[in-house]
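> the sequence isn't on hand, but the structure is:
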């Protein structure tokens with residue numbers, strides 16, 4: 001996929017392509033934290049702590 005992104009379109013600059021690759025990598029890294037956050041607030045809700053769960057889910 002990186003080779004597809006690096007070739008890019010004819011009118012794209014190298015800076016834009018570099019930005020797009022970095023933004024996509026950051027997005028993929030943040031998915032892990034979002035999943036952990038979701039697991040934590042579901043666990044807190046199951047343990048009977050709705051206020052902590054609500055605070056964490058926002």
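Yep, it's here. Note that the coordinates shown come from a computational prediction; the quantities given were computed from them, not determined experimentally.
> any idea which helix or strand comes after the worst-scoring helix or strand of the chain on mean pLDDT?
Confidence across the helices and strands of the chain bottoms out at helix 2-7, with a mean of 55, counting by mean pLDDT, DSSP states H and E. Of the helices and strands lying after helix 2-7 in sequence (DSSP states H and E), the nearest is helix 14-46.
> the next helix or strand after that next one: which residues count as buried?
On the C-terminal side of helix 14-46, the nearest following helix or strand under DSSP H and E is helix 50-57. By neighbour count with 16 or more other C-beta atoms under 10 Å, helix 50-57 contains the buried residues 53, 56. Heads up, the C-betas are built off the backbone N, CA and C, glycines and all.
> next, the angle from helix 50-57 to helix 14-46.
Here the directions of helix 50-57 and helix 14-46 differ by 170 degrees (axes from the mean of the first three to the mean of the last three C-alpha atoms, to 10 degrees).
> got the contact list for helix 50-57?
37, 38, 40, 41, 42, 44, 45 (C-beta atoms under 8 Å, 6 or more residues apart in numbering).
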